[in-house]
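K.L.:
my questions concern the predicted model and sequence given below.
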Amino acid sequence: MSRIRFQPCMIRHCIPAMTKAGWGRIIQIGSIASATPLPHQVPAYCASKAALPVLAVSLARSLAGTGITINTVTSGYVETPLLKSYAHDMSGGRPWDEVAPEMVSALGIAAGRFGRPSDLAALVAFLASPVADWINGSNIPHRWRAMCIHQLTVGPRARSAPQ
């Protein structure tokens with residue numbers, strides 16, 4: 001099954017249980033590669049990630065009023081085995097510790113480092129929470145992380161998920 005068809009198929013199987021519960025959160029993980037792919041990056045990967053925000057908007061409209069939200073987190077460059085493998089291949093086998101600072105500089109990453117999976121986890125936790133019930137059909141770029149974490153930790157109200 002192609003990458004582009006997998007996501008809607010998986011979501012279709014989750015919606016009935018979420019609808020029955022009257023509550024649910026679908027959080028897709030996009031990629032900066034959808035807008036600015038690195039050289040020699042697999043086109044199918046980039047295209048599938050580019051499709052996610054459109055899928056979120058479409059489903060958010062059709063699921064309006066059900067208690068289900070769907071959003072996409074479009075991450076920046078995150079230090080993962082896939083990125084390390086890409087860097088290794090593109091640098092002719094140079095070690096990650098040597099290549100990573102050069103890539104960060106060349107890509108203009110403001111934080112001065114690649115993201116970590118834990119950087120995205122906090123944003124995903126916020127979107128999965130009841131506090132985020134009004135955020136629906138959004139494509140949230142990685143740079144919005146700090147704003148969402150602020151809302152989660154000091155926001156106007158704290159609610160819990162329906163039991």
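P.N.:
In hand now; what should we look at?

K.L.:
drop to CA atoms for contacts and neighbour counts, all remaining ones
P.N.:
Noted.

K.L.:
so Ser34 makes contact with Val54?
P.N.:
No: look at Ser34 against Val54 with CA atoms under 8 Å: they stay out of range, at 11.9 Å.

K.L.:
which helix or strand in this protein has the lowest average pLDDT?
P.N.:
Least confident element among the helices and strands of the chain, by mean pLDDT, DSSP states H and E: helix 145-154 (a mean of 40).

K.L.:
any idea which element Ile70 lies in?
P.N.:
strand 68-75 (DSSP states H and E).

K.L.:
helix/strand/coil for the residue of the chain most remote from its centre?
P.N.:
Residue farthest from the centre of the chain, counting by CA atoms, centre = their mean, is Gly92 at 29.6 Å. Three-state assignment for Gly92 (DSSP: H, G, I helix; E, B strand; the rest coil): coil.

K.L.:
what about it, distance to Glu98?
P.N.:
12 Å (CA to CA, to the nearest Å).

K.L.:
quick revisit: may I have the strands that pair with the strand holding Ile70, each with its orientation?
P.N.:
Here strand 68-75 has these sheet partners by DSSP bridges: strand 24-31 (parallel), strand 139-141 (parallel).

K.L.:
in that strand, which residues are buried?
P.N.:
Ile68, Thr69, Ile70, Asn71, Thr72, Val73, Thr74, Ser75 (16 or more other CA atoms under 10 Å).

K.L.:
let me know the pLDDT of Ser85.
P.N.:
In this model, Ser85 is scored at 90, pLDDT.

K.L.:
over to Trp134?
P.N.:
93.

K.L.:
that one falls within a strand, correct?
P.N.:
No: Trp134 is assigned coil when assessed by three-state DSSP, not a strand.

K.L.:
count the residues that sit near it.
P.N.:
Look at Trp134: counted by other CA atoms under 10 Å, it has 10 neighbours.

K.L.:
please report how far the spatially closest residue to Val57 that is not a sequence neighbour lies from Ile27.
P.N.:
Nearest-residue entry for Val57: Gly137, 4.2 Å, with adjacent residues in sequence omitted and distances by CA to CA, 6 or more residues apart in numbering. From Gly137 across to Ile27, the span is 10 Å (CA to CA).
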